[in-house]
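Trainee: coords please:
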Amino acid sequence: MEVKLNNKAVVLLSGGVDSATTLAIAKSEGYEVYAMSFRYGQRHDVELNAAQQVANHLGVNQHIIMDINLRAIGGSALTDDIDVPKAGEKKDDTEESGIPVTYVPARNTIFLSFALGWAEVLNANHIFIGVNAIDYSGYPDCRPEFIEAFEMMANLATKAGVEGESLQIHTPLIYLTKAQIIQTGIDLGVDYSITHSCYDPAPDGSACGECDSCMLRKKGFAEAGVPDPTIYQGK
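Mentor: The predicted model follows:
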């Protein structure tokens, strides 16, 4: 059984299926949860409304939204004037490595760094992030080796780490399929109707139903045998 140094945890919360489930898991394991979300220049910032609803629904000690401007550097379909790829469309010629244009450069490194700073201030020894290496889009910063490397760095780079207050990064979803994630969340009482996954929503917030994130969400609910509560455009 894992020994907790204390029960405070910073949970990265985007408002999507994975982060909502991660928050529910942290709560179920007895952690005192502090949720952190980001307004980073994403085109789908409707997700922040979902994050607030999830934080209220599941209950957190504090929820903060950090403002950072990744749109200033661009380089992603989520933060630049690049079309979000839809189902059946030819991949962009720049995607030679298999990493899609919806990858935001260094996003999880940046988010985890902010979470690390807050964790030090809170005297929290735990950070939760909903990365997944099974049903995901192929982003390099969702891999277990990245998380292991960041945790090592975190314990070298902080006052807490130097003083022996080691920090753990928890990735409870990393080896789960999207269906398993959804079933876990259902068992923990997550209301997925208030979550948001779409990368290219309509002005009214409805999901496009055709971006990679929507397709993974649809697949997850179908394979879990759970009705998809998402409001899709034109439906």
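Trainee: and the longest helix for the chain?
Mentor: Longest helix of the chain, by residue count under DSSP state H: helix 107-122.
Trainee: for that helix, packing partners?
Mentor: Here helix 107-122 touches strand 8-12, strand 32-39, strand 126-128, helix 144-157, helix 159-162, going by 3 or more CB pairs under 8 Å, 6 or more residues apart in numbering; DSSP states H and E. Bear in mind the C-beta positions are built from the backbone N, C-alpha and C, glycine included.
Trainee: spit out the contact partners of the nearest residue in space to residue 47 that is not next to it in sequence.
Mentor: Spatial nearest neighbour of residue 47, excluding adjacent residues (CB to CB, 6 or more residues apart in numbering): residue 15 at 4.1 Å. With contact taken as CB atoms under 8 Å, 6 or more residues apart in numbering, residue 15 is in contact with 37, 47, 48, 49, 50, 51, 52, 53, 54, 195, 196.
Trainee: so residue 15, which state does it fall into?
Mentor: Assigned with DSSP: H, G, I helix; E, B strand; the rest coil, residue 15 falls in the coil class.
Trainee: distance of it from residue 101?
Mentor: 22 Å (CB to CB, to the nearest Å).
Trainee: chain center to whichever helix or strand residue 219 is part of, what's the gap?
Mentor: Taking DSSP states H and E as the criterion, residue 219 maps to helix 212-224. Averaging C-alpha positions (CA atoms, centre = their mean, to the nearest Å) puts helix 212-224 16 Å from its chain's average.
Trainee: pull the residues that contact the helix or strand of the chain with the lowest mean pLDDT.
Mentor: Here the helix or strand of the chain ranked lowest by mean pLDDT, DSSP states H and E is helix 159-162, holding a mean of 88. The contact list for helix 159-162 (CB under 8 Å, 6+ apart) reads 119, 120, 123, 125, 154, 155, 156, 166, 167.
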